[in-house]
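Trainee: sequence first, predicted coordinates after that:
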Amino acid sequence: MVQFNKKKTLKKYLTKFIKIYYNINKQRILELAQIKSLNRLPREVTMKKILFLLLALCASSQGYSDITWSAPTAISTALTDASAQAVVIDNNNNATAVWVENNLIQASILLSGGSWSAPVTISNPVNTASTPKLEVDSSGNITAVWIENTQVVSATHPFGGSWSSISTISGTGAANISLAMTASGTAVAVWTRSNFVESSTRISGTWSLVSVLSATNSNNPHVAVSSFGTAMAVWHTISSGSDLIVTNTLTLSSNTWGATKNLFSASAAFSHNYPKIALDPNGNAVVAWFRYNFQSSAYQNVQVLTSSLTQGAAAWGIPTILSNAGIRNPADLTIKLKFDTSGNAIIVWINSYDGQVFTPESSRKLFGGTWALAVLPQLPTLYSFGIDLSLAAGTACLTSMAWDDISSIQIINQENDTTNPIQQGWTPINAFSTGNDNGYPKCALSATGSTLNAVSLWIHFDGTNNVIHAASGSDQIITPPSNVSASQSVTNFGVYSDYNNTITWTASSNPNLIQYDIYRNGVYFAATDTSTFSFVDHNATQGGTVIYGVAALTADLRQSPIINFTLNP
């Protein structure tokens, strides 16, 4: 683990970046100032005033409470260095963690309401193992993959059972694993070997023969799955001296990969690398990656780009630039990208605009919409390069490492409603680690009834060793309306017939509501007050199938999960 210099100060960095972000976000700060009933910002704006406005801009005045975390506990072996942690949590609030100790993969389980179990070794004790990945299905069955003696291997932990023996998936020379799994337990792994991207699928308990997905000179693969019945892999490749970002789609029912698709035409003007992919429940895809130049031994114009592919479309859309231009090696930066169950996308990334301070930034794309203007969950700090993003029940959790401006590197979290059409800001910072030296958090979320469950792992330096600390937590989900239904009727005006769909629902029991949000085919289009439990959608298509959704919104701008009803008149 990197040892942090606690004697540094952020004063000069904050001053510098407040100036930078004032210039970048001047228009938004002016708009915010008007919202705050200020007539204008004075010509000589003080750093204190700009800092206040930037903090308001980052937090977006979102006031709901964060996850309540337990006290951290060490789960790795005492007096032993540990690293490379991963964690998942199932729908019944049972968590599973893996990490590396002495070149072996260790695992521990936290049953709901209990304590972490003693670590067990799940890799071969005579081999060297590294980089474990974890996924869990809807029944609580765990799949782990890792590199062992340069091969991809796997083990499973059925719900209520014990760890299986190891299955070897790949040949030697493998690296850079990515793993994804459907709710029903189908797992897809991708990795690199000999400069090719390879893949294997486990559909009915056995891993398939390896498929070679790429041409040579390929690396940095990532994979995602969809309940639509597809998986998609993305990777970086070099063709005729130019960078390309390439994808391929897997039909899970037949375990058949299709033809590769390039996200853009090859060009020597920019470098492109480090892609991440996410799929929504309808098979629509989003890829994000870093675009940059390397000139005169320096990185320039480091920006985050995204592109979307509608399910069944022939080509990816024109890339969208999400970030400003940084100057840090993108290999030191991070992108995290997720879809929620309603098809809303959220992305968090790290950039650096002076090569030293790291800036967390985020954006959302509501279903059917476009990417929103990026926001800063936190102000830039020296040590924000370690982040993770998890999502459940329409809530995104950003977990990151941040300096407290004095002497401590803390693990913090913030939340964001992914479905909320009103507010895209993050909650205030919530620190939950102990001690001074903490870093590289991993986090997982799940939902049980009206409770949001969370678990986080990170590396803590105890003065002698790097140990794995863990904390669990919970938050309350806003109670949605119930009994959502819809019906179609017609009003005949003689010269015109108005087909109208009436949506009805039963009130949410959550206090402090301000409105009900109405969705048509996943897109927000109307709202009612809290005493109205129906809405008429006029000029509907006669007999047309429509998916209507209703959600409750509170005064502190938290939105409940969307409850959907499919109308087939």
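Mentor: Right, received. Where do you want to start? Residues are numbered from 1 along each chain as shown.
Trainee: for stretch 325-338, measure first residue to last.
Mentor: With Cα to Cα, to the nearest Å as the measure, stretch 325-338 spans 23 Å from end to end.
Trainee: before we move on, what about stretch 352-359?
Mentor: Terminal-residue distance, stretch 352-359 (Cα to Cα): 6 Å.
Trainee: just how off-centre is it within its chain?
Mentor: Put simply, stretch 352-359 sits 22 Å off its chain's centre (Cα atoms, centre = their mean, to the nearest Å).
Trainee: and that stretch, what's buried?
Mentor: Ser352, Tyr353, Val357, Phe358, Thr359 (16 or more other Cβ atoms under 10 Å). Where you see a C-beta, it was placed from the backbone N, CA and C, and this is true even at glycine.
Trainee: what is the nearest of those residues to Leu244?
Mentor: Using Cβ to Cβ, Ser352 comes nearest to Leu244 of those, at 25.2 Å.
Trainee: excluding chain neighbours, what is closest to the closest one?
Mentor: Spatial nearest neighbour of Ser352, excluding adjacent residues (Cβ to Cβ, 6 or more residues apart in numbering): Arg328 at 3.6 Å.
Trainee: check contacts around the one you found.
Mentor: Arg328 makes contacts with Tyr299, Val302, Asn351, Ser352, Gly355, Phe358, as judged by Cβ atoms under 8 Å, 6 or more residues apart in numbering.
Trainee: ok, back up a step: export the buried residues of stretch 352-359 to a markdown table and tack on pLDDT, secondary structure and distance to Asp475?
Mentor: Putting the buried residues of stretch 352-359 into a markdown table (pLDDT from 0 to 100; DSSP: H, G, I helix; E, B strand; the rest coil; distance: Cβ to Cβ, whole Å) gives the following:
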| residue | pLDDT | secondary structure | distance to Asp475 |
| --- | --- | --- | --- |
| Ser352 | 96 | coil | 31 |
| Tyr353 | 96 | coil | 33 |
| Val357 | 93 | coil | 30 |
| Phe358 | 95 | strand | 27 |
| Thr359 | 95 | strand | 26 |
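Trainee: could I get the phi/psi values of Ala331?
Mentor: Reported as degrees, to the nearest 10, the phi and psi values for Ala331 are phi -60, psi -20.
Trainee: can you tell me the number of residues neighbouring it?
Mentor: As a burial measure, Ala331 scores 10 neighbours (other Cβ atoms under 10 Å).
Trainee: surely it touches Ser271?
Mentor: No. Under the criterion of Cβ atoms under 8 Å, Ala331 makes no contact with Ser271, lying 11.2 Å away.
Trainee: which one of the contacts of Arg328 is nearest Ser407?
Mentor: Among these, and counting by Cβ to Cβ, the member closest to Ser407 is Phe358, at 18.5 Å.
Trainee: list the buried residues of stretch 427-436.
Mentor: Thr427, Pro428, Ile429, Asn430, Phe432, Ser433, Asn436.
Trainee: how near is the first one to Asn413?
Mentor: In this case it means Thr427. 8 Å (Cβ to Cβ, to the nearest Å).
Trainee: what's the answer for the fifth one, then?
Mentor: Phe432 sits 7 Å away from Asn413, going by Cβ to Cβ.
Trainee: mutual contacts of these two, please.
Mentor: What both Phe432 and Asn413 touch, as defined by Cβ under 8 Å, 6+ apart, is the set Trp69, Ser456.
Trainee: so who does Ala372 touch?
Mentor: If a contact means Cβ under 8 Å, 6+ apart, then Ala372 has Ser363, Arg364, Lys365, Leu366, Gln424 as its contacts.
Trainee: compute the number of surrounding residues for the fourth one.
Mentor: This points to Leu366. So Leu366, with other Cβ under 10 Å, has 22 neighbours.
Trainee: try the first one
Mentor: Residues near Ser363, counting by other Cβ under 10 Å, number 22.
Trainee: could you list the domains of this structure?
Mentor: 11-59, 68-476, 482-567 (automatic domain parsing).
Trainee: how far does the second one stretch from start to finish?
Mentor: The reference is to domain 68-476. In domain 68-476, first residue to last residue: 10 Å (Cα to Cα).
Trainee: what's the offset of it from the middle of its chain?
Mentor: 7 Å.
Trainee: now do the same end-to-end measure for stretch 432-450.
Mentor: Note: stretch 432-450 ends 23 Å apart using Cα to Cα.
Trainee: I'd like the mean pLDDT over that stretch, please.
Mentor: Regarding stretch 432-450, the rounded mean pLDDT is 96.
Trainee: just checking, what packs against the helix or strand hosting Val190?
Mentor: Using DSSP states H and E, the element containing Val190 is strand 187-193. Under the contact criterion of 3 or more Cβ pairs under 8 Å, 6 or more residues apart in numbering; DSSP states H and E, strand 187-193 touches strand 151-157, strand 174-181, strand 196-202, strand 218-226, strand 230-239.
Trainee: compare the ones you listed and give me the one nearest Ala74.
Mentor: strand 151-157 (21.8 Å).
Trainee: and that closest one, what does it pack against?
Mentor: Packed against strand 151-157, as judged by 3+ Cβ pairs under 8 Å, 6+ apart, are the following elements: strand 142-148, strand 167-168, strand 174-181, strand 187-193.
Trainee: CA atoms only for that strand - export them in CSV, please.
Mentor: Extracted C-alpha coordinates of strand 151-157, given in CSV (Å, rounded to 0.1, in the frame of the first residue of the first chain):
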residue,chain,number,x,y,z
GLN,A,151,-4.1,-19.2,-15.2
VAL,A,152,-7.7,-18.0,-14.7
VAL,A,153,-9.3,-20.3,-12.0
SER,A,154,-12.7,-20.2,-10.3
ALA,A,155,-14.4,-21.5,-7.2
THR,A,156,-18.1,-21.2,-6.1
HIS,A,157,-19.8,-20.9,-2.7
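Trainee: burial count for Tyr499?
Mentor: Counted with other Cβ under 10 Å, Tyr499 comes out at 17.
Trainee: hey, what's Asp243 bridged with?
Mentor: Ile238 (DSSP bridges).
Trainee: and the gap between it and Ala183?
Mentor: Applying Cβ to Cβ, the value for Asp243 to Ala183 is 34 Å.
Trainee: comparing the two, which shows the higher neighbour count?
Mentor: Asp243 (20 against 12).
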